[in-house]
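A.B. asks: return a 3D structure for these sequence lines:
(chains A and B)
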Amino acid sequence: MNRLLQKFTPMAEVRAELDALGIRPFGAVTEKILSSTEAIVDGRRVILAGTNNYLGLTFDPECIAAAQRALAEQGTGTTGSRMANGTFADHVALEQELAAFYGRRHAIVFSTGFSATMGMGATLAGPGDVVLLDADSHASIYDGVRLGGAEVIRFRHSDAANLERRLERLGERAADALVIVEGIYSMLGDRAPLAEIARLKERHDFCLMVDEAHSLGVLGAHGRGLAEAAGVEDAVDFVVGTFSKSLGSIGGYCVSNRPELEAIRFSIRSYIFTASPSPSVIASTRVALRHLRERPHLREQLWRNAERLYAGLAGLGFTLGPEPGPVVAVRLEDRATALRWWPELLERGVYVNLVVPPASPSTFSLLRCSVGAAHTDDQIDRIVDAFASLRNGA
Amino acid sequence: MARYDSCLTRVLELLAAPGKTSRPITADSDLAGELGLSSIDVMEVIEQIEDEFDLSFPLNALSGIRTAGDLARTVADLTG
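C.D. replies: You can find the predicted model right below:
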């Protein structure tokens, strides 16, 4: 047993280091949530600048009312799988609404975004198949494709030429390959070069899956994500995503024009062997999706806020992700500085996400900010001011 | 064997690059435990190998790699 548990020693040492510093960045306790942009965290009133609440819908009165109605009328949970007793009329309605939103024929609703992405990756590609994924892919993508047993090859982050070279090495196998990219990458907030990848698909005819978790409601004229923004929706075979960011709840989905999706549905273990989403979650998600469609001004406000924060932090001389967007990551080469600044930001009334290796994409650390449509100009300026005071005091 | 030897020579050179590790490296060196390399360090070396040898390194092969020699053997197999 000692050997079994020994591998956790390095993680225990990190935990001890953080305890010694008196900080709790990984699991900070939100003692009271005040709104979609403010909370009491570790005893301090803070602006929430690290919650992925892109459209600010978590306190939307209509979403809350719908969830409360569903709770009263349908109970606290389904207590069963979608494959058994856990498919309620509202699950089916949400699938139809998602399919209509994306203009695709088929949709599956999952209990979490992780189980959607992981499940699709694990199920689409099995032993003998090959998957090519971006090096900065989310853990759910890595875990899924490994679980499926396919040969997994990663290409350099957002490097279409590197992907092309790997497709060429595969020869005829490329036509049966699954390529997976993300609309917006969660750590640095940059986008996949999807138009270039769609052109590669014309030559190699692989299957393309795009995770729009961070780009749903953010990119595209209708908020459908990067595929819409890049004008290549027809090239994308499977879109996966989550309800836990722009839609302010929890759950995941996959949409596709491929008729095989209905057969795939009955093969996805993370769909079959888990309870379906609670009725209240489905109810609020349906209203949030309607808001996403009917309130484009939320997306416009989100982008104004994103550009204000990006410009403010760039103006201070910080190294940021490569392009403005709702994820604005401050890159720090020195891990110790990141560990010191995270609690200092909290003391200055700003909560952000601390990301250190190996969770960060390379050897650097990140103070990862995310903004939403609900942030005010004043709140954005206070976030920038907090970083400025750190800079000046450093 | 000749292919393995040449792969091992290059793997040892790449692992000895500045900033990776200051410890002496042999075929039997444990990459994580003995040399203290992080997963990011190992992936950087693998990317260099991919470019130099014009190959794609399946992530599935990583689970069987503990030492520098294991890495060289996998590269030799992939180029074989």
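
A.B. asks: part of a strand, is residue A:239?
C.D. replies: Yes: residue state for residue A:239 (DSSP: H, G, I helix; E, B strand; the rest coil) corresponds to a strand.

A.B. asks: which residues touch it?
C.D. replies: Residue A:239 sits next to A:102, A:104, A:209-210, A:212, A:224-225, A:227, A:254-256 when contact means C-beta atoms under 8 Å, 6 or more residues apart in numbering or on different chains. (Each C-beta comes from the backbone N, C-alpha and C, glycine too.)

A.B. asks: so which of these sit within strands?
C.D. replies: Counting by DSSP state E, those place A:209-210, A:254-256 in strands.

A.B. asks: quick check, nearest of the residues you listed to chain B?
C.D. replies: residue A:209 (17.1 Å; C-beta to the nearest C-beta).

A.B. asks: hmm, the closest one is touching residue A:180, no?
C.D. replies: Yes: at 4.9 Å, residue A:209 and residue A:180 qualify as touching, with contact defined as C-beta atoms under 8 Å.

A.B. asks: what sits in contact with each of those two?
C.D. replies: residue A:121.

A.B. asks: name the residue in these two with the higher neighbour count.
C.D. replies: Of the pair residue A:209 and residue A:180, residue A:180 is the one with more neighbours under other C-beta atoms under 10 Å in any protein chain shown, namely 29 against 24.

A.B. asks: confirm that that one sits in a strand.
C.D. replies: Yes: Residue A:180: assigned to a strand according to three-state DSSP.

A.B. asks: for the residue nearest the centre of chain B, give me its contacts.
C.D. replies: By C-alpha atoms, centre = their mean, chain B has its centre lying nearest to residue B:71, at 4.1 Å. Residue B:71 is in contact with B:11, B:31, B:45-46, B:65, counting by C-beta under 8 Å, 6+ apart.

A.B. asks: repeat that for 10 Å
C.D. replies: Contact analysis of residue B:71 by C-beta atoms under 10 Å, 6 or more residues apart in numbering or on different chains lists B:7-8, B:11-12, B:14-15, B:27, B:31, B:42, B:45-46, B:49, B:57, B:61-62, B:64-65.

A.B. asks: next one: phi and psi at the nearest residue to residue A:367 once chain neighbours are set aside?
C.D. replies: In space, and not counting its chain neighbours, residue A:367 is closest to residue A:330: 4.4 Å by C-beta to C-beta, 6 or more residues apart in numbering or on different chains. Note on residue A:330: backbone dihedrals following degrees, to the nearest 10 are phi -90, psi 120.

A.B. asks: quick one: residue A:330 and residue A:370 touch, right?
C.D. replies: No: contact status for residue A:330 versus residue A:370: not in contact, 11.9 Å apart, counting by C-beta atoms under 10 Å.

A.B. asks: tell me which helix or strand comes right after the lengthiest helix in chain A.
C.D. replies: In chain A, taking DSSP state H as the definition, the longest helix is helix A:296-315. Downstream of helix A:296-315, the first helix or strand assigned by DSSP states H and E is strand A:319-320.

A.B. asks: wait, what's in contact with the residue in the stretch 201-350 of chain A positioned nearest to chain B?
C.D. replies: When scored by C-beta to the nearest C-beta, the stretch 201-350 of chain A has residue A:335 as its residue closest to chain B, at 11.9 Å. Listed by C-beta under 10 Å, 6+ apart, the contact set of residue A:335 reads A:354, A:356-357, A:360, A:363-365.

A.B. asks: what's the answer for residue A:278, then?
C.D. replies: A:67, A:70-71, A:74-79, A:86, A:88, A:111, A:249-251, A:284.

A.B. asks: what's the distance between it and residue A:290?
C.D. replies: 19 Å (C-beta to C-beta, to the nearest Å).

A.B. asks: check contacts around the residue lying closest to residue A:124 once chain neighbours are set aside.
C.D. replies: Leaving aside its chain neighbours, residue A:124 sits nearest to residue A:178 (5.5 Å; criterion: C-beta to C-beta, 6+ apart). Residue A:178 makes contacts with A:120-121, A:124-125, A:129-133, A:145, A:148, A:150, A:152, A:206-209, A:237-238, as judged by C-beta under 10 Å, 6+ apart.

A.B. asks: and the helices in the stretch 51-200 of chain A?
C.D. replies: Here the stretch 51-200 of chain A has its helices, by DSSP state H, counting those that start in this stretch, at A:61-74, A:89-102, A:113-124, A:139-148, A:160-170, A:194-204.

A.B. asks: excluding chain neighbours, what is closest to residue A:52?
C.D. replies: residue A:245 (4.3 Å).

A.B. asks: returning to that earlier point: got a quick ChimeraX command for the buried subset of the contacts of residue A:178?
C.D. replies: Per 16 or more other C-beta atoms under 10 Å in any protein chain shown, the buried members of these correspond to this ChimeraX selection:
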select /A:120,121,124,125,129,130,131,132,133,145,148,150,152,206,207,208,209,237,238
